[in-house]
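Asks: how would this look folded up:
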Amino acid sequence: MRTIFLSLLLITFIALTSPGSLSGEIRLLERLEVDPSQSQLFFPRDFCLTEDGLFLISDQYAREVKIYQLEGKTLKLVGTIGGANATEGRLQYPTYCFYNPEQSRFGVIDFDKKAILLYDRLNRLDFKYDQAIDCPHLADGIQLIGNTLWVSGYTPDTRNNPYDLYAIDLSSYRKTFLMPSYLKYGLKSLAEYEEKYMNSLDIRALGISGWFSVQGDYVYFAWEGDLRIIKMDRQTGRLQPFSGITRTSSRYVRPYFSEQMRNGYRNRDAQVILKEKDKMAFVKHLFTDSGHVYVVYQGPVTQNPRFRVQIYTLNGDRVDDTAIPDKPGDPMWLDKETGFLYSIGQKPGGNGFVILRYDIR
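Replies: Numbering: from 1, shown residues only. Below you'll find the model as predicted:
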């Protein structure tokens, strides 16, 4: 009897600690105050964490990346990257960024310079500018895997065909175009893309940003305006089954759309556009770890809480759909080792910023 009991206990322990099992609840662990006394954050567009706990925050309006370290529950400014005093690698309009701990390398997209600036981390606070990679078109995500820089955002190939995900080999600077833009919008061909997206004001024209994550042999991608997941082989670009459907996942519904929204765009009426967007749903982020895909989405204003996470296995089986408490902000970052989700948001009344730390496992 004791042997049977111990065996059942072991099976239960394995089930609760296996990659496929999650707690089913997202918990807010703590609020980390951003100290404004030395240098205020103006518009944090993106951020990442180093393996030794530094926060690298791309402050778009300040034209620099600010380095913070945690002291108690307060983030103190300890340095900058690409700021006004930089002799090389000075930033003009930093947006999305990455940090690769294996290579001690940091990179950030500069919208004004139309380039991706790369920096080598020499020691804890010393980031030395290395090079700039040409990025003439809009980009909304980057990730460094080995010697390959992955970029999401519109770019044309040599035949001027539109793509929304490509890779750059940093040895040869050769580009590999992976995902045609028509796939991003759930279309079947370039001709359909030109008809429905390029030549008309359609629902697909409302969202621009796409979120992606490279995990193992595959790339997982979600566009903000259609709430679906695309899984591709990172070597061949071939679409892979996800939730039993090769091209898209049917679990998500398209965002709300109306004739009022069309008229708002035609008339450039910001109030109408914002009012209609309150009725829509958007993908805000996509993350992966060794066992799961996490899709953060913002529901319509009537949904409370408005932010949720849908969690899938890497093969597309949905595990959970869980609310994120306490009004997280944007941007977000997932620590793959700990399962902690970090989010930058404004304090009530807009006086300063806080970083919220959640446990999503």
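Asks: quick one: which helix or strand includes residue 150?
Replies: According to DSSP states H and E, residue 150 maps onto strand 148-156.
Asks: Go through stretch 180-190 and flag the buried ones.
Replies: 180, 181, 182, 183, 184, 185, 186, 187 (16 or more other CB atoms under 10 Å). Heads up, the C-betas are built off the backbone N, CA and C, glycines and all.
Asks: and the nearest residue to residue 237 once chain neighbours are set aside, what does it touch?
Replies: For residue 237, ignoring the flanking residues on the chain, the nearest one in space by CB to CB, 6 or more residues apart in numbering is residue 178 at 4.7 Å. By CB atoms under 8 Å, 6 or more residues apart in numbering, the residues touching residue 178 are 163, 165, 166, 167, 219, 232, 234, 237.
Asks: need the contact list for the closest residue to residue 91 other than its chain neighbours.
Replies: Closest residue to residue 91 apart from its sequence neighbours, by CB to CB, 6+ apart: residue 82 at 3.6 Å. For residue 82, the contact set (CB under 8 Å, 6+ apart) comprises 63, 64, 65, 89, 90, 91, 94, 108, 117, 119, 129.
Asks: switch to 10 Å and redo it
Replies: 58, 63-65, 88-92, 94, 106, 108, 110, 117, 119, 127, 129 (CB atoms under 10 Å, 6 or more residues apart in numbering).
Asks: Please report the distance of the residue nearest to the spatial centre of the chain from residue 141.
Replies: Most central in the chain under CA atoms, centre = their mean is residue 285, positioned 4.1 Å from the mean C-alpha point. In this view, residue 285 and residue 141 are 10 Å apart by CB to CB, to the nearest Å.
Asks: Report the next helix or strand after the helix or strand bottoming out on mean pLDDT in the chain in sequence order.
Replies: Lowest mean confidence among the helices and strands of the chain (mean pLDDT, DSSP states H and E): helix 2-17, at a mean of 36. Following helix 2-17 in sequence order, the next helix or strand is strand 27-34 (DSSP H and E).
Asks: For that following strand, list every residue counted as buried.
Replies: 32, 34.
Asks: hang on, residue 192 in a helix?
Replies: Yes. Assigned with DSSP: H, G, I helix; E, B strand; the rest coil, residue 192 falls within a helix.
Asks: thinking again about what came up before, how far does the strand holding residue 150 sit from its chain's centre?
Replies: Remark: strand 148-156 is offset 14 Å from the chain centroid, using CA atoms, centre = their mean, to the nearest Å.
Asks: What of stretch 225-244?
Replies: 16 Å.
Asks: Over to stretch 229-245?
Replies: 19 Å.
Asks: Return the set of buried residues in it.
Replies: Neighbour-count burial for stretch 229-245 flags 229, 230, 231, 232, 234, 237, 239, 240, 242, 243 (criterion: 16+ other CB under 10 Å).
Asks: for those, which one is nearest residue 123?
Replies: Lowest distance from residue 123 to these (CB to CB) belongs to residue 234, with 32.4 Å.
Asks: isn't the closest one right up against residue 216?
Replies: Yes. Judged on CB atoms under 10 Å, residue 234 makes contact with residue 216 at a distance of 8.3 Å.
Asks: what about residue 55, how many neighbours?
Replies: 23 (other CB atoms under 10 Å).
Asks: for residue 69, same thing?
Replies: 17.
Asks: Give me the nearest residue to it, chain neighbours excluded.
Replies: residue 78 (5.0 Å).
Asks: one step back: farthest-separated two in the contacts of residue 178?
Replies: 163 and 234 (14.5 Å).
Asks: part of a strand, is residue 283?
Replies: Yes. Residue 283 sits within a strand when classified using three-state DSSP.
Asks: what about the residue nearest to residue 258 when sequence neighbours are not counted, which helix or strand?
Replies: Nearest residue to residue 258 in three dimensions, chain neighbours excluded: residue 276, at 5.8 Å (CB to CB, 6+ apart). Here residue 276, judged by DSSP H and E, is contained in helix 270-277.
Asks: other SSEs contacting that helix?
Replies: Helix 270-277 sits against helix 259-267, with contacts defined as 3 or more CB pairs under 10 Å, 6 or more residues apart in numbering; DSSP states H and E.
Asks: residues in contact with residue 327?
Replies: 305, 306, 307, 343, 345, 346, 348, 356.
Asks: if I look at it, how far off is residue 315?
Replies: Counting by CB to CB - residue 327 and residue 315 are separated by 32 Å.
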